[in-house]
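**Q** My questions concern the predicted model and sequence given below.
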Amino acid sequence: MVKIASWNVNSVRARLPNVLAWTRDTAPDVLLLQELKCEADAFPALEFEELGYNLAVVGQKTYNGVAILSKSAIEIDHRKLPGGDGDDQARYVEGFTSGVRVASIYLPNGNPISDAGQRTDKFAYKLAWLERLYRHVRDLLATEDAFVLGGDFNVIPEPIDVHDPEGWDKDALYHVDSRAAFRKLMFLGLTDAFRARHGHAQRYTWWDYRSGAWAKDQGARIDHLLLSPQAADQLAACDIDRRPRGLDKASDHTPIWCELGDR
DNA sequence: ATGGTAGCCTCGCTA
């Protein structure tokens, strides 16, 4: 059995006590982190190594940043998503560890979608990134290996995945084009681990810091664990752990995890 | 139509 968790921590240094405590308490075999907001040299490596983790960090100053932490050795395959000529944003790291291929993904937010009637570069970048991910996943599926894509996809897949779908039509997280690109990716044959285990439950992974969204439980499900068919065959459990979102100095996201093993 | 909060390290950007 291997337990894989994903968490957008919104600055690993600002969040260090919270992230260390959760990691110690829940002891995932593999932990995928996003929004580190620091360069690799500034990542608090010793603190995680003391908990028994190996690290693969792709960092960047101030923005973005992703990592794979694993209790087993990590063979890194990609430090950026293929096909991004000149794209140097730290949003993707992929490797093989604990008998499974994993990727830690921080997909572009894409807001605002338009400016003075024109589609923005930010939204175009998001849609292009989703298309690049589609092409790469198509290649990964051809290997017929078990793999798990985990991270902040910045896509609300369905109306049930947000508190107020009507209010989100013009947001890049729920825009019809974002959702279509995400569906195209899923239709390659990926399994949304949360949906596979929880049917039509309405549960969120992110709550805006603003307007008391957490207190009112006005959130969205944008952090996902997407499984290849060979990984989905092994899916034993998946859940969202709301507890960290309610702590002092919380990230605006909370962790999602799954367990793969013989059933 | 706007602003609401958080992090980073600038007087604004990203989310």
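**A** On my side now, so go ahead.
**Q** could you show me where the helices are in chain A, in order?
**A** A:16-26, A:45-49, A:121-142, A:176-186, A:193-198, A:229-232 (DSSP state H).
**Q** Thought A:Gly261 was touching A:Ala236, still the case?
**A** Yes. With contact defined as C-beta atoms under 8 Å, A:Ala236 reaches A:Gly261; the gap is 5.0 Å. Where C-beta positions appear, they are placed from N, C-alpha and C, glycine not excepted.
**Q** rewinding a little: select, out of the helices of chain A, the one closest to A:Ala213.
**A** helix A:16-26 (18.5 Å; C-beta to C-beta).
**Q** Verify the stated contact: A:Leu51 with A:Val19.
**A** No. Look at A:Leu51 against A:Val19 with C-beta under 8 Å: they stay out of range, at 10.3 Å.
**Q** For those two, indicate the residue with more neighbours.
**A** A:Val19 (24 against 13; other C-beta atoms under 10 Å).
**Q** Output the set of residues of the stretch 151-263 of chain A in proximity to DNA strand B.
**A** A:209-211, A:249 (C-beta under 7 Å from any atom of the strand).
**Q** can you list these in CSV and add pLDDT?
**A** Formatted as CSV, those follow (pLDDT from 0 to 100):
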residue, pLDDT
A:Tyr209, 97
A:Arg210, 95
A:Ser211, 92
A:Lys249, 96
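**Q** Would you mind listing the two of these that lie farthest apart?
**A** A:Ser211 and A:Lys249 (19.0 Å).
**Q** how deep is the closest residue to DNA strand B within the stretch 1-150 of chain A tucked in, by neighbour count?
**A** Residue nearest to DNA strand B within the stretch 1-150 of chain A: A:Ser11 (3.2 Å; C-beta to the nearest atom of the strand). By other C-beta under 10 Å, 16 other residues sit near A:Ser11.
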